[in-house]
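Novice: coordinates only, sequence not included:
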């Protein structure tokens, strides 16, 4: 669980083979979250009011995002054919929001 890092703005977790569950409750500081190549990750909970970027690569786990109102860029690459990319500025331009 990541909750005692009050000033953490950027978090990168790469190649963490033993990680099975991750809970991030950062309140208002976490801006960028990157998780790449953590093959045993089965559960991911993220609570952050200011999260702007979420990047994920590997088989996608059970995912519970909370308070993600400012998310502007997200990329999920499951390496099994499922790729999702979202950019708020592009969506806003395409849909006139």
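Specialist: Nice, I can see it. These numbers come from a predicted model, not from an experiment. Numbers count the residues shown, from 1 in each chain.

Novice: who does residue 48 bridge with?
Specialist: residue 27 (DSSP bridges).

Novice: okay but it is in contact with residue 11, surely?
Specialist: No: taking C-beta atoms under 8 Å as the definition, residue 48 is not a contact partner of residue 11, at 9.7 Å. The C-beta positions use only the backbone N, C-alpha and C, and glycine is treated the same way.

Novice: Show me whatever sits in contact with both of those two.
Specialist: Contact with both residue 48 and residue 11 is made by residues 24, 30, 33, according to C-beta atoms under 8 Å, 6 or more residues apart in numbering.

Novice: Which ones among those residues map onto strands?
Specialist: Taking DSSP state E, the ones among the shared contacts of residue 48 and residue 11 that sit in strands are 24, 33.

Novice: okay if I get the shared contacts of residue 48 and residue 11 as CSV plus neighbour count, pLDDT and distance to residue 74?
Specialist: Below are the shared contacts of residue 48 and residue 11 laid out as CSV (neighbours: other C-beta atoms under 10 Å; pLDDT from 0 to 100; distance: C-beta to C-beta, whole Å):
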residue, neighbour count, pLDDT, distance to residue 74
24, 21, 86, 15
30, 24, 88, 14
33, 25, 93, 10
